[in-house]
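>>> have a look at this fold, sequence not included:
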């Protein structure tokens, strides 16, 4: 019987190589897979390209991964926020690369990778400096730019419920990029709050079908990034 | 308070004009909005372009709409089946036009229309006669064809549960093209088996958000196309 | 000179121009106040880019779900009839033209409807675009609420944006403290003046020619 | 001459080559028999194009749900752990390379892996492609199960397909009644002969050169 469960977050991330491209689910703190990210810090892989909407907050989770010098490039839509200090400092020192992608284009490029669509046209960025260097083309009298798919080696994802086949549900707006990243990574690693037997998720309510998931770790009481930040915590 | 409910299938389809492009949900008999289609037959609009995976079965539903001479063009992936007689006969007489689109490309073109993506690249049809006349291009050493979005004026959809805002769920594989067509039509008309108050659908379980739906008609005991065909029925 | 409308009055005036049943996306800042001034008998449904329709007001602290945020990363609630969805679906709603109205703040708007509200273009600034460029290209109607001038008195309604554009030719109407200003094929045109504000005051505080009300 | 393997034996032989835990899409006809010959200790998860993973066997008539069909429009069941999804997601699984194995029937396969299984190209025939072209381009491994020759004895394994292609160079292995045949850079190569069948018989019934087993 197929069972994608792994014994620990450490085991689940143990083979992530240096130089990997890693998608990390979440929008700000909502849906951030903090335990998986901290396991990746313990694991120590470096030279990572990380894809996330943001660049982390405080000194935990994604910000801690960046602060630990493991990330050489960020691909995101919004690299600053009121509580992000680690990335801006490194960026100003020229120690980390940045590719800014509009949020909707970021989502669509990730979906395209999962869907086998190598490129698509979108009106977003037309007439702006972010369209510079992009191929442009008119359809029905309107201008669009060509955008390529965005793939990853690894996705780190937080789910609410998972079953042994990898079927997932998410909690509220913690869903955000997660179902798309599950589709677009070669190896999708999930930490789940609840692990249920087969049949424990109604087939009508599955958000991410198990075909997009490779490894599942049960983390029954996940910490929330916002809580850690409110407590002034840092990692490691 | 927003309430998209309509009093009857007749009222919901009353303004569909001659020459409209109409998406009809369903895969074969599964998910076919039979009552809405029969209302469209009663309404009598002609010169329609219909988008569906198939061309109907027996002499009810979509097959009856075609048989009634209201459809001038079909866009579908699989226009024949063991029980489809109406379309093949008209097609051989040159009385109806046909555009065959591979099933996955059909789904993706419809989604693209709903998502504001005017065109995308896909490997499907490369090296076949269905790629003739299509723009072809290599990405990462592999050939792809360019496919345009596919929009419609109207979508006729069958749902399992709907609320006044137009949030929808579907029954099992009756889901098929329905959520995509809801996104791609200017006016989406839904017949629902159950109509519930706001809050009657868990926000986590909504399949089609109400923003993609314009009109809802409650049809509590919908006939199933397979049942009508087994009974040898025809319409009108 | 009268300073015209308050922040709340600007939001209330913008809300008047949003039809009943609209799907609405609100930018951060003054646009968020629109929710407090929905005209009687109308209902708007709020979309947030990170994946929800039917967004409600902030929760009591005890009822917070840390996973229920809006695009500004503030805690919110879900109203009955809400729906959650992923980012690709959320931006399909935006890019596909399904959102009726987007109300944004801005740094500059030009007489041809160009908007610049994402970057000052200053050297060393970290570029951060978020969903701004998707919104201005995709939403059916782009409204702007803004003070008519910067804190130092510089016009925000200008002939040509000096900051990098968010999108070209997309704004249809601007609600400022001084006036409601339409973007027309002939440039800015005052649609309505705030109480005590004269057309001349609007012109003096605008960096491009302004046409009087029709 | 031995006729070699039966339909069931062909399906069972194909099933041997599908790894445990595979996501599998089965074409109509002999490929459907694969579900009956899953090797002990293995589990396959079946995908159907119309929107389900975890497809189970046909239901008892009393337990039928008329809305629960497979891509061949036959009534099926959903196993525990199944998931429903819409057509764009379903073909994302296919096009995006997430399905491990697709087992198809065919009219012709060429020595370079070209497959023709959707149309005879006959004048007046109504073209009907369904999901065939998506499957052959998207699924990681394309297997074919087919009689080695047509009912009239014509080879189905040929030098060049005379029927319109479904996809070029996509087939990796063919399971016929006579042999298991690999498509290699050097053309057809027999991997295994059915009991009582000789290599010469396979060559005689094939429309292109065949290499002997390695």
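Thanks, I have the structure now. From a predicted model like this one, the values you see are computed outputs, not experimental measurements.

>>> and the strands in chain A?
In chain A, the strands defined using DSSP state E lie at A:21-24, A:48-51, A:71-76, A:97-100, A:119-122, A:136-139, A:142-148, A:152-162, A:168-169, A:185-195, A:215-218.

>>> does any part of stretch C:19-32 sit near chain A?
No: legend: contact between stretch C:19-32 and chain A by Cβ under 8 Å from any Cβ of the partner chain is lacking; minimum distance shown is 11.4 Å. No exception for glycine: its C-beta is placed from N, CA and C like everyone else's.

>>> and that stretch, how far from the chain's centre?
The chain centroid and the centroid of stretch C:19-32 are separated by 7 Å under Cα atoms, centre = their mean, to the nearest Å.

>>> how about stretch A:22-31?
Once both centres are worked out by Cα atoms, centre = their mean, stretch A:22-31 turns out to sit 5 Å from its chain's centre.

>>> does it come close to chain D?
No: on the criterion Cβ under 8 Å from any Cβ, stretch A:22-31 is out of touch with chain D, staying 14.7 Å away.

>>> right, and the strands of chain A - which one's nearest residue D:121?
Among the strands of chain A, strand A:119-122 comes nearest to residue D:121, with 31.5 Å by Cβ to Cβ.

>>> state the distance from the residue lying closest to residue A:64 once chain neighbours are set aside to residue A:74.
Setting aside the residues directly before and after it, residue A:64 is nearest to residue A:235 in space (Cβ to Cβ, 6 or more residues apart in numbering or on different chains), at 4.3 Å. Applying Cβ to Cβ, to the nearest Å, the value for residue A:235 to residue A:74 is 18 Å.

>>> now do residue C:30
With distances defined as Cβ to Cβ, the gap from residue C:30 to residue A:74 amounts to 31 Å.

>>> same thing with residue A:169?
Note on residue A:169: its distance to residue A:74, by Cβ to Cβ, is 28 Å.

>>> circling back to that earlier point, the more surrounded of residue A:235 and residue A:74?
Taking neighbours as other Cβ atoms under 10 Å in any protein chain shown, residue A:235 and residue A:74 compare with residue A:74 leading, 24 against 18.

>>> pretty sure the residue nearest to residue A:64 is in contact with residue A:35, am I right?
No: judged on Cβ atoms under 8 Å, residue A:235 makes no contact with residue A:35 at a distance of 10.5 Å.

>>> mind listing the shared neighbours of the two?
Overlap between the contact sets of residue A:235 and residue A:35, as judged by Cβ atoms under 8 Å, 6 or more residues apart in numbering or on different chains, is nil.

>>> ok, stretch A:183-194 near chain D or not?
Yes: for stretch A:183-194, a contact with chain D is found by Cβ under 8 Å from any Cβ, at residue A:183.

>>> which parts of that stretch are buried?
Within stretch A:183-194, the residues that qualify as buried by neighbour count (16 or more other Cβ atoms under 10 Å in any protein chain shown) are A:183, A:184, A:185, A:187, A:188, A:189, A:190, A:191, A:192, A:193.

>>> pLDDT score assigned to the residue nearest to residue A:64?
Looking at residue A:235, its pLDDT is 95.

>>> rounded mean pLDDT for the helix or strand containing residue C:180, please.
Residue C:180 belongs to strand C:179-184 when elements are defined using DSSP states H and E. Per-residue pLDDT over strand C:179-184 has a mean of 98.

>>> next: stretch C:97-111.
Stretch C:97-111 shows an average pLDDT of 98 in the prediction.

>>> same thing with stretch A:152-160?
Within the predicted structure, the mean pLDDT of stretch A:152-160 is 98.

>>> are that stretch and chain D in contact anywhere?
No: with Cβ under 8 Å from any Cβ as the measure, stretch A:152-160 is seen stopping short of chain D, the closest distance being 13.1 Å.

>>> any residue of that stretch touching chain B?
No: between stretch A:152-160 and chain B, judged by Cβ under 8 Å from any Cβ, nothing touches; the nearest distance is 8.7 Å.

>>> from the middle of its chain, how far away would that stretch be?
Stretch A:152-160 has its C-alpha centroid displaced from the chain centroid by 6 Å (Cα atoms, centre = their mean).

>>> repeat for stretch A:56-66
Centre to centre, stretch against its chain (Cα atoms, centre = their mean), the figure for stretch A:56-66 is 13 Å.

>>> and that stretch, average pLDDT?
Stretch A:56-66 carries an average pLDDT of 95.

>>> quick one: buried residues of it?
Of the residues in stretch A:56-66, those scored as buried under the neighbour-count criterion (16+ other Cβ under 10 Å) are A:56, A:57, A:58, A:59, A:60, A:61, A:62, A:63, A:64, A:65, A:66.

>>> if we can go back for a sec, same list (the buried residues of stretch A:183-194) but as TSV, adding pLDDT and distance to chain C.
Below are those laid out as TSV (pLDDT from 0 to 100; distance: Cβ to the nearest Cβ, whole Å):
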residue	pLDDT	distance to chain C
A:183	98	9
A:184	98	11
A:185	98	15
A:187	98	20
A:188	98	14
A:189	98	18
A:190	98	15
A:191	98	14
A:192	98	14
A:193	98	10
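
>>> and of these, the nearest to chain D?
The shortest separation between chain D and any of the buried residues of stretch A:183-194 is 6.5 Å, and it belongs to residue A:183 (by Cβ to the nearest Cβ).

>>> list the residues that contact the closest one.
The contact partners of residue A:183, by Cβ under 8 Å, 6+ apart, come to A:110, A:111, A:113, A:114, A:115, A:212, D:92, D:96, D:98.

>>> can you add neighbour count and distance to chain C and give the residues you listed back as CSV?
Supplementary listing: the contacts of residue A:183 in CSV, determined by neighbours: other Cβ atoms under 10 Å in any protein chain shown; distance: Cβ to the nearest Cβ, whole Å:
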residue, neighbour count, distance to chain C
A:110, 30, 8
A:111, 31, 4
A:113, 23, 11
A:114, 28, 9
A:115, 30, 9
A:212, 26, 12
D:92, 28, 11
D:96, 23, 13
D:98, 21, 16
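
>>> against residue C:75, how distant is the residue of chain C most remote from its centre?
For chain C, the residue at maximal distance from the C-alpha centroid (Cα atoms, centre = their mean) is residue C:62, at 30.8 Å. From residue C:62 across to residue C:75, the span is 12 Å (Cβ to Cβ).

>>> ditto for residue C:12
Counting by Cβ to Cβ - residue C:12 and residue C:75 are separated by 25 Å.

>>> equivalent analysis for residue C:197, please.
Summarising the geometry, the distance separating residue C:197 from residue C:75, computed by Cβ to Cβ, is 37 Å.

>>> so which of these two has more stuff around it?
Neighbour tally, residue C:197 and residue C:75, criterion other Cβ under 10 Å: the higher count belongs to residue C:197, 22 against 17.

>>> okay then, goodbye and thanks.
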